[in-house]
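Q: for reference, the sequence and a predicted model appear below.
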Amino acid sequence: MHPQRQKRLLAVIAIVLVLGAALALVMYALKQNINLFFSPSQIAMGEAPSKTNIRAGGLVVEGSVQRDPNSLAVSFQVTDFQHSVTIEYQGILPDLFREGQGVVALGQLNEQGTFDASQVLAKHDEKYMPPEVSEALKPVEKPAPVATPTYY
Amino acid sequence: MLPEIGQFSLILALFFALSLAIMPLVGYWKGHQLLLETARPLTFIMSALVLMSFVILAVSFLTNDFSVLYVSQNSSIKLPIWYKFSAVWGGHEGSLLFWVLILVGWCSAVALKIRSLPMDIGPIVLAVLGSICVGFLSFLLFTSSPFVRLLPDTPPDGGDLNPLLQDFGLIVHPPILYMGYVGFAVAFAFAVTALITGNLNAAWARWARPWTACSWAFLTLGITLGSWWAYYELGWGGWWFWDPVENASLLPWLSGTALLHSLAVTEKRGVFKSWTVLLAIFTFSLSLLGAFLVRSGVLTSVHSFAADPTRGVFILGLLVVFVGGSLFLYAIRASQVRSSVTFGATGREAWLLLNNILLTVLTLTVLLGTLYPLIFDALRLGKISVGAPYFNSVFTPIALLLIVFMAVGPLSKWHKTSLNSLLKACVIAAILAMLIAGGLVYRFEFGWLAWVCLSVASWVLLLSLADWFSKVTAGSKGMIPRARQLPRNYYGMLLAHIGVAVTLIGIILVSINSHDSMLRLSPGDKVSMAGYEFRFDRMEQIQGSNYVSNKGQFTAYQSGRAVAVLYPEKRFFTTRQQVMTEAALDAGFTRDLYISLGEQLDESAWGVRIYVKSFVRWIWLGGLMMMAGGLLAALDKRYRQRTGG
């Protein structure tokens, strides 16, 4: 083969190999690490799988936060105004976690239908609402808190 | 009155930007010298106008002019004065004005240096930059003016700056990051100019290189600062979260790194020409994509500004115009740009080609992970998020491979290298590196992944130093004169490559050798962790200028001796009714002690998070070295002496 062609062929083979390996890696990793979002209503209707990492979110129900007196365990309910789901968490909640505030939790549903969270997220701008949460609240025709400025 | 002048000067700036985008191009088309020469003065006037409106916004902040909506939303009477100034870029509108200010700053810098370029190149570069200014100025004016007034009912006090942003990190992080982001506009303008004029040669690459190296250095520093800021400010003790907005800054960095290397090949050997142009276009497009992700609120991120769909649509429009326009130009002109030189399979060109392939693959995998939720949502498959494990498991092997080859490239010579000498050096270095890493892993009982990473890091360090040593000892002159003769470019590369190894060491040690625990503690309690004993001494209430704070005091003991006193705080910002955690740190070269407070659980007990992080500073030390390397390369003498036409 012409030496220049040979080099070009080598380069193309290298590119194809690297891209192929990367693509396989990407597909595998994506399959393992996609976390679907479910609203409390979807969870109540049994649409969410158990024992798989998913995300759940909604507004924290007023007065639902209960703390264990001897550890960092905490449980609270999140709602989309139709159904609510109980979330249990071990650890320190984020600064913006408050009753009435939108949160998203990452974790798994257990057999009792409560949600074991490994991570709880509340966002860092109080005007900001996670898009999934405001979406989950939409069908209820309640003005999402995102539209009302909390200060002037 | 003043804010109206600010608004008016922005409108004027838009007109000057429009003329800058059009007149030199017409001049080039018609061969009209005078029109070409308007480019520089137009650039300077436009820049002065933007600067004026920025100064006016800053004055509005410093004088507490709450009749300006943006000021009333992001400042308050009690806000300390330095945060009043940094609040100018604390919200969407002001940060966009700041973005435009930096863009015109780069334009002016190009205009100042333009004399060394041939007469018909410089003005076109400025015209392309002018068209980018048109895009961003109209975005600013039509969707996000910072000068909107609240008249006649002016509030007596403002809503205060987001407490998270009341920090030294916010004063420095965005400006530096923007310098990098926006700086790639210059490389983009050079690329588009090359396509317009059909003039793509080694000289072109030589002009574009220092600008690219300079913006790359700023972006590196910006990302480093952002990582450091997130580490101490967010209170989670992490230094990288694979958050969409972090990814948005990493994407142009990865493709900018590829650009930096392919520009070197284009300059020295005249190959990869059209690929280099394409990379320059992609790098700037990724900067724009970053702006879109941050400001449109399409992705869930800690950085998101309050969402506004019209802004998202506008930036998407800008993205389509610039990417589409430049790719169209590329499609019709790139065929004229042909490389005629060939290269060997073991020459430096081949290694840099490999570098470019791997960096591009890295960019694409991060891009896919970042945009996957959007694709999923658009196809109505549901709302998803892509977890950090995806990025870790994909990024790590490819990046390690890249770093392994990174050490080999500099040893090879242009065109053709004898494989034997290369192999000999590599085998010796590999054996040494594996032994060093093996010793460390054995001594500290780390796992196999640590062994792999530490081997790679020592391999880079060994080969870099060996290469320097062989260059210095070659020839008959003494070592010191030889060392001084080596170009800055070379030292820049060496420093940046060693920086990568240092960062890698930091990353691996902080991931495998850190200790953390979340505890329920009351004053008087003691905890032991990683050879330290922490005592919760007391808790007190203090009054800050715009907050009240619960301040804890912890003492860390090592073998009975007090080594550090830490004061973590929980601040309550009165105006915004918002709670903020201020973590306390005892920073060290080999370890950080890190304490942050959770909530108060009962009268005395607090949730407390304690970390002992080993070698975490090395991550940012390596980042600083990479930045310094980039700057050193940008300051190479060759770029200053040559004057083109």
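A: Right, received. Where do you want to start?
Q: what number of residues lie near residue B:153?
A: Other residues within reach of residue B:153, judged by other C-beta atoms under 10 Å in any protein chain shown, total 7. All C-beta spots, glycine's among them, are computed from the backbone N, C-alpha and C.
Q: and the strands in the chain?
A: In the absence of a named chain, chain A is used. Using DSSP state E, the strands of chain A run over residues A:34-38, A:54-60, A:66-67, A:73-79, A:84-90, A:102-109, A:115-121.
Q: could you do chain B instead?
A: In chain B, strands defined by DSSP E lie at B:384-386, B:515-521, B:526-529, B:532-543, B:547-558, B:561-566, B:569-573, B:578-582, B:584-586, B:591-600, B:606-614, listed in chain order.
Q: can you count the residues close to whatever residue of chain A ends up closest to chain B?
A: Per C-beta to the nearest C-beta, the residue of chain A with the smallest distance to chain B is residue A:92, at 3.3 Å. Neighbouring residues of residue A:92 were enumerated by other C-beta under 10 Å; the total is 24.
Q: quick one, phi psi at it?
A: Backbone torsions of residue A:92, given as degrees, to the nearest 10, read phi -100, psi 130.
Q: quick one: pLDDT of residue 145?
A: Picking chain A for this. Note for residue A:145: predicted pLDDT of 34.
Q: meant chain B, my bad for not saying
A: Reading off the model, residue B:145 has pLDDT 92.
Q: that older thread, for residue B:599, see how far away the residue of chain A closest to chain B is.
A: 7 Å (C-beta to C-beta, to the nearest Å).
Q: re earlier: for residue B:5, find the nearest of the strands of chain B.
A: strand B:569-573 (32.6 Å; C-beta to C-beta).
Q: pull the CA atoms of the closest one into CSV?
A: What follows is strand B:569-573 as a C-alpha-only set of coordinates in CSV (Å, rounded to 0.1, in the frame of the first residue of the first chain):
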residue,chain,number,x,y,z
GLU,B,569,-20.9,29.5,61.4
LYS,B,570,-24.6,29.3,60.6
ARG,B,571,-25.7,32.7,59.4
PHE,B,572,-29.2,34.0,59.1
PHE,B,573,-29.5,36.8,56.6
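Q: what's around residue B:582, how many residues?
A: Using other C-beta under 10 Å, residue B:582 has 19 neighbouring residues.
Q: shouldn't it be in contact with residue B:569?
A: Yes. The criterion here is C-beta atoms under 8 Å, and residue B:582 meets it with residue B:569 at 4.0 Å.
Q: mind listing the shared neighbours of those two?
A: Common neighbours of residue B:582 and residue B:569 are listed as residue B:549 (criterion: C-beta atoms under 8 Å, 6 or more residues apart in numbering or on different chains).
Q: the most centrally placed residue in chain A pairs with what?
A: For chain A, the residue whose C-alpha lies nearest the mean C-alpha position (C-alpha atoms, centre = their mean) is residue A:55; its distance is 3.5 Å. Assessed by DSSP bridges, residue A:55 has beta-bridge partners residue A:37, residue A:106.
Q: that one against residue A:35, yeah?
A: Yes. Assessed by C-beta under 8 Å, residue A:55 is found in contact with residue A:35 at 5.0 Å.
Q: show me the common contact partners of these two, please.
A: Taking C-beta under 8 Å, 6+ apart as the contact criterion, the residues that touch both residue A:55 and residue A:35 are A:106, B:385.
Q: how many residues are close by residue B:577?
A: The local packing of residue B:577 (other C-beta under 10 Å) involves 12 other residues.
Q: that one: what's it in contact with?
A: If you count contacts by C-beta under 8 Å, 6+ apart, then residue B:577 has nothing around it.
Q: any idea how far it lies from residue B:546?
A: Applying C-beta to C-beta to residue B:577 and residue B:546 gives a distance of 12 Å.
Q: which residues does the one residue in chain B that gets nearest to chain A contact?
A: Each residue of chain B has a distance to chain A, by C-beta to the nearest C-beta, and the smallest belongs to residue B:598, at 3.3 Å. Under the criterion of C-beta under 8 Å, 6+ apart, the contact list for residue B:598 reads A:72, A:91, A:92, A:93, B:518, B:581, B:606, B:607, B:608, B:609.
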